[in-house]
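K.L.:
Fold the stuff below for me.
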Amino acid sequence: MGRRPADYAEPVRYDAPMTASSAKLGSGWRGCVAALVMAIAGCSGEGGKQTPAVEVAPTTAAAPVAAPGRILVFTRTTGFRHDSIPTAVALLRSLSTESGLQVEHSEDASLFRDETLRHYRAVVFASTTGNILDAAQRAALQRFVRGGGGFLGVHAAADTEYSSPWYGDLIVARFASHPPGLQTTRVHFEGDDKTATPWRVTDELYNYDRNPRAHAHVIATVDEADYDGGTMGADHPIAWCHDRFGGRSWYTGLGHDSALYADATYRRHLLRGLRYVVGLAATC
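P.N.:
Numbering: from 1, shown residues only. Prediction:
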């Protein structure tokens, strides 16, 4: 389940994914723009409150992230809070242990600074909701990913950080709506994870504000013909990945219902994502 916060603004949409050449082209003037925006933001707004109008990309990347071994599972919410969060954390701990990884679970946003994030190989947003980081913390996350850090989003991670256009591109597609209750449908895996028999699943199925296929590698889709309330048509992605910003990003829309975390197929699905973002698997 998810709800748009009162301060929701439509995410910035891009007609084409970022390329290495376009990123390089903007690096020369980005520092000047960042300095100007910071100066304006620091003295604008009522009562001294900052009102940044533009999100400016960091001018430098953070120090190289640590080797595979340690991940941060972050579950802060400022909107709807999922009952499945403790179950999600428990499964992520179990999967991480199997892969030789250490897990730190926190809801402390102050961890999002360069000197802390460099000790992690990946960050997991497990059903986070709302705006959970301030501007400096968002910039630190961006530098972390651009420096090679991994990002994994579970379910309501797509219902998070509406005020950050860059996060919108990191997650690729944002939560738009969902039918009431839980839906039962077939999940069709694509690519290396393709199976002859679709996976039958019952969960809350998000509709997204855009189809992520043009900006990411789609891992799995759901069949809207099996349930009422789908709005994306014949091609309804539910999981995808990309590495457009330096580090690896992987997202699954599944994970609302606590019962799903005991499903062997979901366990394998989440493990693939975890291994991909920390660099233990070549493909997602």
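
K.L.:
contacting residues for the spatially closest residue to Val172 that is not a sequence neighbour?
P.N.:
In space, and not counting its chain neighbours, Val172 is closest to Pro212: 4.2 Å by CB to CB, 6 or more residues apart in numbering. Where you see a C-beta, it was placed from the backbone N, CA and C, and this is true even at glycine. The neighbours of Pro212, taking CB atoms under 8 Å, 6 or more residues apart in numbering as the test, are 172-173, 218, 237, 240.

K.L.:
at 6 Å what do you get?
P.N.:
Applying CB atoms under 6 Å, 6 or more residues apart in numbering, we find Pro212 in contact with 172-173, 237, 240.

K.L.:
Would you reformat those as CSV and include neighbour count, distance to Gly279 and secondary structure?
P.N.:
Formatted as CSV, those follow (neighbours: other CB atoms under 10 Å; distance: CB to CB, whole Å; DSSP: H, G, I helix; E, B strand; the rest coil):
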residue, neighbour count, distance to Gly279, secondary structure
Val172, 25, 20, coil
Ala173, 24, 24, coil
Pro237, 22, 24, strand
Trp240, 26, 18, strand
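
K.L.:
Pull the most distant pair out of those residues.
P.N.:
Val172 and Pro237 (9.1 Å; CB to CB).

K.L.:
For burial, what's the neighbour tally of the nearest residue to His155 once chain neighbours are set aside?
P.N.:
Distances taken as CB to CB, 6+ apart place Gly255 nearest to His155, at 3.8 Å, with adjacent residues excluded. Gly255: 26 surrounding residues under other CB atoms under 10 Å.

K.L.:
Which helix or strand contains Gly255?
P.N.:
Mapping Gly255 onto the secondary structure by DSSP states H and E places it in no helix or strand at all.

K.L.:
if I look at it, how far off is Phe125?
P.N.:
11 Å (CB to CB, to the nearest Å).

K.L.:
Same question for Glu104.
P.N.:
14 Å.

K.L.:
Between those two, which has more neighbouring residues?
P.N.:
Legend: neighbour count by other CB under 10 Å for Glu104 and Phe125, higher for Phe125 (27 against 12).

K.L.:
Thr184 reaches Thr202, doesn't it?
P.N.:
Yes. The criterion here is CB atoms under 6 Å, and Thr184 meets it with Thr202 at 4.5 Å.

K.L.:
higher neighbour count, those two?
P.N.:
Just comparing Thr184 and Thr202: by other CB under 10 Å the higher neighbour count belongs to Thr202, 16 against 11.

K.L.:
That one belongs to a strand, doesn't it?
P.N.:
Yes. Under DSSP: H, G, I helix; E, B strand; the rest coil, Thr202 sits within a strand.

K.L.:
buried ones in stretch 169-189?
P.N.:
169-176, 178, 182-183, 185, 187-189 (16 or more other CB atoms under 10 Å).

K.L.:
all helices for this structure, in order.
P.N.:
20-42, 85-98, 114-117, 135-146, 165-171, 264-277 (DSSP state H).

K.L.:
Residues in contact with the last one: which ones?
P.N.:
Which is helix 264-277. Against helix 264-277 from outside (CB under 6 Å, 6+ apart): 95, 122, 150, 152, 199, 248, 250, 260, 281, 284.

K.L.:
Give me the nearest residue to the fifth one, chain neighbours excluded.
P.N.:
When you say that, I think you mean Trp199. Val187 is the one closest to Trp199 (CB to CB, 6+ apart), at 4.3 Å.

K.L.:
Distance-wise, check Val201 relative to Ala88.
P.N.:
For Val201 relative to Ala88 (CB to CB), the value is 16 Å.

K.L.:
Pro237 now?
P.N.:
For Pro237, the distance to Ala88 - CB to CB - is 21 Å.

K.L.:
next one: Phe74
P.N.:
Counting by CB to CB - Phe74 and Ala88 are separated by 11 Å.

K.L.:
partners of the residue nearest to Trp199 in the sheet?
P.N.:
Trp199, Val222 (DSSP bridges).

K.L.:
Quick check: can you list the domain ranges of this structure?
P.N.:
20-56, 69-277 (automatic domain parsing).

K.L.:
Quick one: mean pLDDT over stretch 227-237.
P.N.:
For stretch 227-237, mean pLDDT is 98.

K.L.:
Which residues does it contact?
P.N.:
With CB under 6 Å, 6+ apart, stretch 227-237 has contacts from 179, 183, 185, 207, 212, 218, 221-222, 224.
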